[in-house]
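Engineer: I need the structure of the sequence given here:
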Amino acid sequence: MLTLHFCFSGILLAQDAGMRSDFFPYDLSHPAEKFILPEILEEISGNVYFSDEIMICIQDEQGDLFFYDLKEKRLLKRVAFATDADFEDLALAGDVMYVLRSNGTIYQLKNFDDENALRVKEIKTRLTKKNNCEGLCYDRLHHRLLIALKGDPEADEDQNFDGFRAIYSYDIEKEKVLKMPEYLIEMSKIHDLENASLYKKNSHHVPGVFEDSGDKKFQPSALAIHPLSGEIYLLASVGKSIIVLSPDGEIISIQNLDKRQFVQPEGISFAPDGTLYISSEGDGGNGIMMKFLMKSE
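Structural biologist: Numbers count the residues shown, from 1 in each chain. Reported below is the predicted structural model:
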């Protein structure tokens, strides 16, 4: 039985919603291919599929786009767009690239594949360093960006979302982050990631992770929308998991990641055919990227 209630100016939450056991279309224990990335991408923090099997990556210390050829397994070029800072994720919306800094600043990059023609617009948003902005993806259906916060869930001083994590929408046309979160994550509902039955007590939108320390935290490192199903894939570095949501926000799958294989997963993206790519920092070694093919039921 699904019980709905409204909280924080109409944001919809659900309690006692059973988790569906839908088929998960990837074998995360056996990647179809593994890419050892160049040394400069040891601290890879985001990746997005571009075209012709070219992946565009960022790392969290340099303001460059890195074009990596998946066929030839080599770095093709790098395009500088900003001075060094803490860059967390990137998203491709049509022919425009967006890059997210941890302090909430968004870089809009036009002609991003040509350094000589590159046009950069730096956009300050209502999000700040205290929010610790981590994940960015393009929502094609609603023509917006989704921003996942690892830190403070409040975007304004008059808000109070204690006990929650937040995901905000960025209006591409108005170039601003909306005042209210698109999703709120009720942290008190999470007790143990390993016990899937407890997820029936989760927020309607996104679950959290119960750390060994006893602190209830959901720390997403990236998110992406599946191009075929429209489902939202949330990659969590803390908790080493992928959480899949239906387009309307129902939790339909929770997949644990092998800590030995996924040292510090930071990036997730899809090719148009649904092929999944996950990147992970090297933690003292080379960064890696893994390719997972869709499987049939």
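Engineer: is it true that I40 lies in a helix?
Structural biologist: Yes. Counting by DSSP: H, G, I helix; E, B strand; the rest coil, I40 is part of a helix.
Engineer: and the gap between D139 and A82?
Structural biologist: As for D139, its distance to A82 is 24 Å (criterion: C-beta to C-beta, to the nearest Å). Using the backbone N, CA and C atoms, a C-beta is placed for each residue, glycine as well.
Engineer: the more surrounded of those two?
Structural biologist: D139 (20 against 16; other C-beta atoms under 10 Å).
Engineer: Does the closest residue to that one other than its chain neighbours lie in a helix or a strand, and which?
Structural biologist: Residue nearest to D139 in three dimensions, not counting chain neighbours: L146, with 5.6 Å by C-beta to C-beta, 6 or more residues apart in numbering. Secondary structure assignment for L146, by DSSP states H and E: strand 144-149.
Engineer: Tell me where the model's unsure across this structure.
Structural biologist: The model of the chain has pLDDT under 70 over residues 1-22, 185-218, 239, 249-250.
Engineer: Quick check: phi and psi on K130?
Structural biologist: phi -60, psi -20 (degrees, to the nearest 10).
Engineer: Count residues in the vicinity of it, would you?
Structural biologist: Neighbours of K130 under the rule other C-beta under 10 Å: 11.
Engineer: and it, how far is that from D156?
Structural biologist: Remark: distance between K130 and D156 (C-beta to C-beta) = 12 Å.
Engineer: With A148 instead?
Structural biologist: Between A148 and D156 the distance is 18 Å, computed by C-beta to C-beta.
Engineer: got it, and S241?
Structural biologist: 30 Å.
Engineer: More neighbours: these two, which one.
Structural biologist: A count of neighbours by other C-beta under 10 Å puts S241 above the other of S241 and D156, at 21 against 8.
Engineer: what pairs with the more buried one across the strands?
Structural biologist: A236, N256 (DSSP bridges).
Engineer: My reading is that F35 lies in a strand. Confirm?
Structural biologist: Yes. F35: assigned to a strand according to three-state DSSP.
Engineer: for it, which residues make a bridge with it?
Structural biologist: The partner residues for F35, given DSSP bridges, come to M289.
Engineer: which ones are touching it?
Structural biologist: Contacts for F35 (C-beta atoms under 8 Å, 6 or more residues apart in numbering) come out as Y68, L70, K73, I288, M289, M290, K291.
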